[in-house]
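**Student:** okay, sequence plus prediction incoming.
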Amino acid sequence: MEPIETIAWHEIIHQGELHDWRAAQLIRLGFPRPLAEAVADHVDWHEIAALVHRGCGPRLALNIVL
């Protein structure tokens, strides 16, 4: 029996879908859509989410992470 090759989820998801998902997460955190679209591929939304959940505003959180 041959081993089954595993494929990571990020190899399956189309890059455009991943961008849209990241942007949606940022929008959910309070970012305006244009800003979320602009930074979606350049920031770790998990870091921003942690700051926002601690009371930091979205734009300040972005400045801290960048």
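**Tutor:** Thanks, I have it.

**Student:** may I see the buried residues of stretch 19-35?
**Tutor:** 22-23, 25-27, 29, 31 (16 or more other Cβ atoms under 10 Å). Just so you know, the C-beta spots here come from the backbone N, C-alpha and C atoms, and that holds for glycine as well.

**Student:** as JSON lines, those residues with distance to R54, secondary structure and pLDDT would be great.
**Tutor:** Below are those laid out as JSON lines (distance: Cβ to Cβ, whole Å; DSSP: H, G, I helix; E, B strand; the rest coil; pLDDT from 0 to 100):
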{"residue": "R22", "distance to R54": "20", "secondary structure": "helix", "pLDDT": "91"}
{"residue": "A23", "distance to R54": "22", "secondary structure": "helix", "pLDDT": "93"}
{"residue": "Q25", "distance to R54": "17", "secondary structure": "helix", "pLDDT": "93"}
{"residue": "L26", "distance to R54": "16", "secondary structure": "helix", "pLDDT": "94"}
{"residue": "I27", "distance to R54": "19", "secondary structure": "helix", "pLDDT": "95"}
{"residue": "L29", "distance to R54": "12", "secondary structure": "coil", "pLDDT": "93"}
{"residue": "F31", "distance to R54": "16", "secondary structure": "coil", "pLDDT": "95"}
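
**Student:** for A61, state which of these is nearest.
**Tutor:** Closest approach to A61 among these (Cβ to Cβ): L29, at 7.9 Å.

**Student:** let me see the contact set for that closest one.
**Tutor:** Applying Cβ atoms under 8 Å, 6 or more residues apart in numbering to L29 gives the contacts 45, 48-49, 52, 58, 61.

**Student:** count of neighbours near the closest residue to it other than its chain neighbours?
**Tutor:** Nearest non-adjacent residue to L29, counting by Cβ to Cβ, 6 or more residues apart in numbering: V52, 4.9 Å away. Look at V52: counted by other Cβ atoms under 10 Å, it has 20 neighbours.

**Student:** from here on, call the first residue 678.
**Tutor:** Sure, I'll start numbering at 678, so the last one becomes V729.

**Student:** read off the pLDDT value for W698.
**Tutor:** Here, the pLDDT recorded for W698 equals 89.
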